[in-house]
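Participant: With the sequence up front, the predicted model follows.
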Amino acid sequence: MKSAVVLMILALSLSGCAVGPRYREPALELPQSYRSYATQQEGEAMINLPWWQVFKDETLQELIREALLNNYDLRTAAARVDEAHAVIGVTRAQILPQTDLTSNVSRDRNSPDLYPALERLTSTYVGGFNTAWEMDIWGKIRQSIRASKAEYLATEDARRGVMVSLVADVAQTYFSLLELDLELDIAKKTLQTRSDNLDLFNKRLKGGVASELETSRAEADYEQTASNIPELERQIATQENRLSQLLGRNPGPVERKAALSQESFTPVLPGSGLPSDLLKRRPDIQEAEQFLRAANAQVGVAVGDFLPSINLTNFVGGAGERISHVFDSEGYTWSIGGNMDLPLFKGGKNVYGYQAARARWQQSVSTYQQTVVTAFQEVADALAGIDKVRGIREAQEKQVAALAKASKLSRIRYEDGLSSYLEVINADQQYYDAQNILARTLGSQVNYYVQLYRALGGGWQVEENQK
């Protein structure tokens, strides 16, 4: 008993250190600035804003709330968090003594040659509490606990990443719908214009001042525009179905009131200190780092496999030749002991296990570094898009205004007999095409902001935190 107590005290005194490498964050060369980027506004950066302050359209906010409540991918990610949290408890339990209520019954035939004084048939009944405890002298179990905690934090970061992606997907699909709505509106208005042109050419044909060639060309343009409308409606239905899937709904229409041309989506762009903020906030970077911490701890577990393991055992209960004797005072029994195992030959199992743990750690380092590099690339792409598409949109708006005027003047000139029908048709076609291109540019401009929101990884706060 004294030896067991001394051994326990020694184990507890040695348990302050854990074998294995210390965790160190991998060194990275971070960009100091981004080309084609200048802060437009003063104030809080988008990375620090919750999603309801980034996306201010009320209809979009309601859709995002519905998605956060019902989306199945987000529910799956939340369940993974719960699973990882439970695994911590499973791993932590290994560091505590394990006690079982045990019982045993045996019937033996004894050899009269070996045991002549005993009856040939004997029964043995045993019952009591059996306790075993692996003493974590080298910190192997504690390293496993650290790995489990890091993996749990990684699943929490993954859940936040799913939330950021979900909000961005809902916003991007919503803005794509607004863009298609605008294109559909342009097509319907252009169809009416071409219907008016066809009526004009038919009247002039009946009056003998136009040829059938003019009416045929006008009819062809009318039918071409008419064919664009069902295609746009098909694309709208597809986007509505995609949005319904993100919302956890069955496929169907999605109500909306806003128009893309009226969308005032101009969030605050991030200011100075973007790289460090990005590293601290983007969920997939934090997830990759937590997996790196877990892999680092698993190397410590592999190192512990080379070292001696000490186990204490204890039994308290009763034993007897009959069941009633087990509970008698004379049947009371106890035992305490321990064993130490030092690995000598495992066929290379521990060596290969250590090499595998080191290889997984190297994989985690590369994954972490690649995640950081990819994050900066995505931010740079979004910022370049925001910076450049603004100039494109301004030029296209001037082009559309000029072509609208040209279309109007060409019709007046044709009615006054100063130009041919080709001038009217070409001017209308150019005006229609320019409006569609501008609509797509407006959609791209808004979606570049959504891409920046996704790339920064901010806005994952739950709405209850809003004050």
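Facilitator: Arrived safely, thanks for sending.
Participant: shaky segments in the protein?
Facilitator: Along the chain, segments meeting pLDDT under 70 span 1-17, 31-46, 119, 261-280, 459-467.
Participant: try it again with 50
Facilitator: Along the chain, the model assigns pLDDT under 50 to residues 1, 12, 40-43, 465-467.
Participant: elements contacting the helix or strand harbouring residue 61?
Facilitator: Assigned by DSSP states H and E, residue 61 belongs to helix 58-70. Applying 3 or more Cβ pairs under 8 Å, 6 or more residues apart in numbering; DSSP states H and E, one finds that helix 58-70 contacts helix 51-54, helix 140-206. Using the backbone N, CA and C atoms, a C-beta is placed for each residue, glycine as well.
Participant: mind checking which of these is nearest residue 26?
Facilitator: helix 140-206 (15.1 Å; Cβ to Cβ).
Participant: got CSV for the helices and strands packed on helix 58-70, with mean neighbour count too?
Facilitator: Output for those, formatted as CSV (neighbours: other Cβ atoms under 10 Å):
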stretch, mean neighbour count
helix 51-54, 20
helix 140-206, 21
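Participant: quick check: angle from the helix holding residue 61 to helix 140-206?
Facilitator: Calculated by axes from the mean of the first three to the mean of the last three Cα atoms, to 10 degrees, helix 58-70 forms an angle of 140 degrees with helix 140-206.
Participant: what about helix 58-70, distance to the chain center?
Facilitator: Between the centre of helix 58-70 and the centre of its host chain there is 18 Å, according to Cα atoms, centre = their mean, to the nearest Å.
Participant: now what about that helix, what contacts it?
Facilitator: 51-52, 55, 74, 163, 166-167, 170-171, 174, 243, 246-249, 254-258, 463 (Cβ atoms under 8 Å, 6 or more residues apart in numbering).
Participant: ok, back up a step: in JSON lines: the helices and strands packed on helix 58-70, plus distance to residue 113.
Facilitator: Supplementary listing: these in JSON lines, determined by distance: least, Cβ to Cβ, whole Å:
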{"stretch": "helix 51-54", "distance to residue 113": "85"}
{"stretch": "helix 140-206", "distance to residue 113": "48"}
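Participant: Nearest approach to residue 83 belongs to which of those?
Facilitator: Comparing the helices and strands packed on helix 58-70 by Cβ to Cβ, helix 140-206 comes nearest, at 7.6 Å.
Participant: after the closest one comes which helix or strand?
Facilitator: Moving toward the C-terminus from helix 140-206, the next element (DSSP H and E) is helix 212-246.
Participant: what comes up buried for that next one?
Facilitator: By 16 or more other Cβ atoms under 10 Å, the buried positions in helix 212-246 come out as 214-215, 217-219, 221-222, 225, 228, 232, 235-236, 239-246.
Participant: Who are the contact partners of residue 28?
Facilitator: Residue 28 makes contacts with 369, 372, as judged by Cβ under 8 Å, 6+ apart.
Participant: Which strands or helices does the host helix or strand of residue 355 pack on?
Facilitator: Assigned by DSSP H and E, residue 355 falls within helix 349-415. The contact analysis (3+ Cβ pairs under 8 Å, 6+ apart) places helix 349-415 against helix 274-281, helix 283-304, helix 421-456.
Participant: Dump the ones you listed into TSV; add mean neighbour count as well.
Facilitator: Listed next are these as TSV, based on neighbours: other Cβ under 10 Å:
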stretch	mean neighbour count
helix 274-281	18
helix 283-304	23
helix 421-456	20
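Participant: how many other residues sit next to residue 92?
Facilitator: By other Cβ atoms under 10 Å, 15 other residues sit near residue 92.
Participant: Mind naming the longest strand for the protein?
Facilitator: The strand that spans the most residues within the chain, counting by DSSP state E, is strand 121-135.
Participant: That one relative to helix 140-206, how many degrees between them?
Facilitator: Using the same axes, to 10 degrees, strand 121-135 lies at 70 degrees relative to helix 140-206.
Participant: Show me what counts as buried in strand 121-135.
Facilitator: For strand 121-135, using 16+ other Cβ under 10 Å, the buried residues are 125-128, 130, 133-135.
Participant: closest to residue 88 among the residues you listed?
Facilitator: Checking the buried residues of strand 121-135 against residue 88 by Cβ to Cβ gives residue 134 as the nearest, at 18.1 Å.
Participant: who's in contact with the closest one?
Facilitator: 94, 141, 309-311.
Participant: go on, residue 149?
Facilitator: Neighbouring residues of residue 149 by Cβ under 8 Å, 6+ apart: residue 88.
Participant: Output stretch 411-428 in PDB, but only the C-alpha positions, please.
Facilitator: What follows is stretch 411-428, C-alpha atoms only, in PDB (Å, rounded to 0.1, in the frame of the first residue of the first chain):
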ATOM      1  CA  ARG A 411     -37.100  56.700 -85.600                       C
ATOM      2  CA  ILE A 412     -37.800  60.400 -86.200                       C
ATOM      3  CA  ARG A 413     -35.500  60.500 -89.200                       C
ATOM      4  CA  TYR A 414     -37.100  57.400 -90.600                       C
ATOM      5  CA  GLU A 415     -40.600  58.800 -90.200                       C
ATOM      6  CA  ASP A 416     -39.400  62.000 -91.900                       C
ATOM      7  CA  GLY A 417     -37.900  60.000 -94.800                       C
ATOM      8  CA  LEU A 418     -34.300  61.000 -94.000                       C
ATOM      9  CA  SER A 419     -33.000  57.500 -93.200                       C
ATOM     10  CA  SER A 420     -33.700  53.800 -94.100                       C
ATOM     11  CA  TYR A 421     -35.300  51.200 -91.900                       C
ATOM     12  CA  LEU A 422     -31.800  49.700 -91.300                       C
ATOM     13  CA  GLU A 423     -30.800  52.700 -89.200                       C
ATOM     14  CA  VAL A 424     -33.900  52.200 -86.900                       C
ATOM     15  CA  ILE A 425     -33.300  48.500 -86.500                       C
ATOM     16  CA  ASN A 426     -29.600  48.800 -85.900                       C
ATOM     17  CA  ALA A 427     -30.100  51.600 -83.400                       C
ATOM     18  CA  ASP A 428     -32.700  49.600 -81.500                       C
END
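Participant: Can you give the contact residues for it?
Facilitator: 190, 193-194, 197, 200-201, 210, 214, 217-218, 221, 403, 406-407, 409-410.
Participant: Try it again at 10 Å.
Facilitator: When contacts are defined by Cβ atoms under 10 Å, 6 or more residues apart in numbering, stretch 411-428 is touched by residues 190, 193-194, 196-197, 200-201, 204, 209-211, 213-215, 217-218, 220-221, 225, 403-410.
Participant: if we can go back for a sec, check which residues of the helix holding residue 61 are buried.
Facilitator: 60-61, 63-64, 67-68.
Participant: In TSV, list those along with distance to residue 425.
Facilitator: Below are the buried residues of helix 58-70 laid out as TSV (distance: Cβ to Cβ, whole Å):
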residue	distance to residue 425
60	39
61	44
63	41
64	44
67	45
68	50
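Participant: Using CSV, lay out the helices and strands packed on helix 349-415 together with distance to residue 155.
Facilitator: Formatted as CSV, the helices and strands packed on helix 349-415 follow (distance: least, Cβ to Cβ, whole Å):
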stretch, distance to residue 155
helix 274-281, 18
helix 283-304, 8
helix 421-456, 20
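Participant: so which of those comes closest to residue 116?
Facilitator: Across those, closest to residue 116 is helix 283-304 (Cβ to Cβ), at 50.6 Å.
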